[in-house]
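**Student:** take a look and give me a structure for this.
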Amino acid sequence: MKILPAMDLMDGKCVRLYQGDFNKTTQVGSDPASQLQTFINNGAEIIHIVDLDGARSGRPEQIDLITELCTRSTVPVQVGGGIRNLETVEAYVHAGVDRIVIGTAAIQNRAFLHEALENYQKHIVIGIDARNEKVAVSGWEQETEMDYIEFAKQMEQLGVETIVFTDISKDGTMQGPNLAQLKKINDAVSCKIVASGGIRNQEDLDAVAALGIEEAIVGKAMYEGTVTLRRS
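**Tutor:** So this is what the prediction gives:
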């Protein structure tokens, strides 16, 4: 199991949300540069960074900070939040981002998605964030009528190779991942599924791995020390 430690950025700080609620934020860790180095020193193979401000506004609010972090990083970086046009994709590619997570725009702007896949397919990851099995967009603040499995199948047909799946109700709760939904999406498509949301300990990671999922994003549990990158 490959663990992707998460850095959610808001106003230049590392924060965590509870169930995607921007009114329930907690600052965690140290400053982003120091936190990045801590993750790398502890053995991270890839870092997951989210521009929370960008997810809400629809534009890359913290691209300068993320570019700086990519410059400092000695491991690949995966970035999401506010990626709604090809110019932003290109800017992140040039900044050295390895994986670019497209969420809202994948469902709202298929022309852009096609263009991104045509030009930068190896960098593109689709973020599927669901509440009650319906895809949510715009920083998780708006729900659609799109079923998450149907959306995953559409992305697979377009040639998407990797999907990050988050059950929003589990995110930041430390209540365990939604194994049933993870199994359902992993069984439904051939894309690589990256699990996200609710992971609290090694037992949760083992349960996710038992589904055949090989990567998981871990946020709150990483900061609270219940999940570690280094095995004892």
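**Student:** CA atoms only for stretch 190-207 - export them in PDB, please.
**Tutor:** Presented in PDB, the C-alpha positions along stretch 190-207 are these (Å, rounded to 0.1, in the frame of the first residue of the first chain):
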ATOM      1  CA  SER A 190     -10.300  -0.900 -14.600                       C
ATOM      2  CA  CYS A 191      -8.900   2.500 -13.600                       C
ATOM      3  CA  LYS A 192      -6.500   2.600 -10.700                       C
ATOM      4  CA  ILE A 193      -8.500   3.800  -7.700                       C
ATOM      5  CA  VAL A 194      -6.800   5.900  -5.000                       C
ATOM      6  CA  ALA A 195      -8.800   5.800  -1.700                       C
ATOM      7  CA  SER A 196      -9.400   9.000   0.200                       C
ATOM      8  CA  GLY A 197     -11.400   9.900   3.300                       C
ATOM      9  CA  GLY A 198     -11.700   8.600   6.800                       C
ATOM     10  CA  ILE A 199      -8.600   6.400   7.100                       C
ATOM     11  CA  ARG A 200      -7.600   6.300  10.700                       C
ATOM     12  CA  ASN A 201      -5.100   3.500  11.200                       C
ATOM     13  CA  GLN A 202      -3.100   0.700   9.700                       C
ATOM     14  CA  GLU A 203      -6.100  -1.700  10.000                       C
ATOM     15  CA  ASP A 204      -8.100   0.700   7.700                       C
ATOM     16  CA  LEU A 205      -5.200   0.700   5.200                       C
ATOM     17  CA  ASP A 206      -5.100  -3.100   5.300                       C
ATOM     18  CA  ALA A 207      -8.800  -3.300   4.700                       C
END
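**Student:** list the buried ones in that stretch?
**Tutor:** 191, 193, 194, 195, 196, 197, 198, 199, 200, 204, 205, 207 (16 or more other Cβ atoms under 10 Å). C-beta: built from backbone N, CA, C; applies to glycine.
**Student:** what's the average pLDDT for it?
**Tutor:** Averaging pLDDT along stretch 190-207 yields 96.
**Student:** please apply the same query to stretch 112-127.
**Tutor:** 97.
**Student:** stretch 38-55 too?
**Tutor:** In this model, stretch 38-55 carries a mean pLDDT of 94.
**Student:** distance from the chain centre to that stretch, please.
**Tutor:** Its chain's C-alpha centre and that of stretch 38-55 lie 10 Å apart, by Cα atoms, centre = their mean, to the nearest Å.
**Student:** give me the below-cutoff pLDDT ranges for this structure.
**Tutor:** Regions of the chain meeting the criterion pLDDT under 70 cover residues 17-27, 29-30, 139-141, 171-173, 231-232.
**Student:** residue 215 bridge partners, please.
**Tutor:** residue 2, residue 194 (DSSP bridges).
**Student:** tell me the contacts of it?
**Tutor:** Contact analysis of residue 215 by Cβ atoms under 8 Å, 6 or more residues apart in numbering lists 1, 2, 3, 4, 192, 193, 194, 195.
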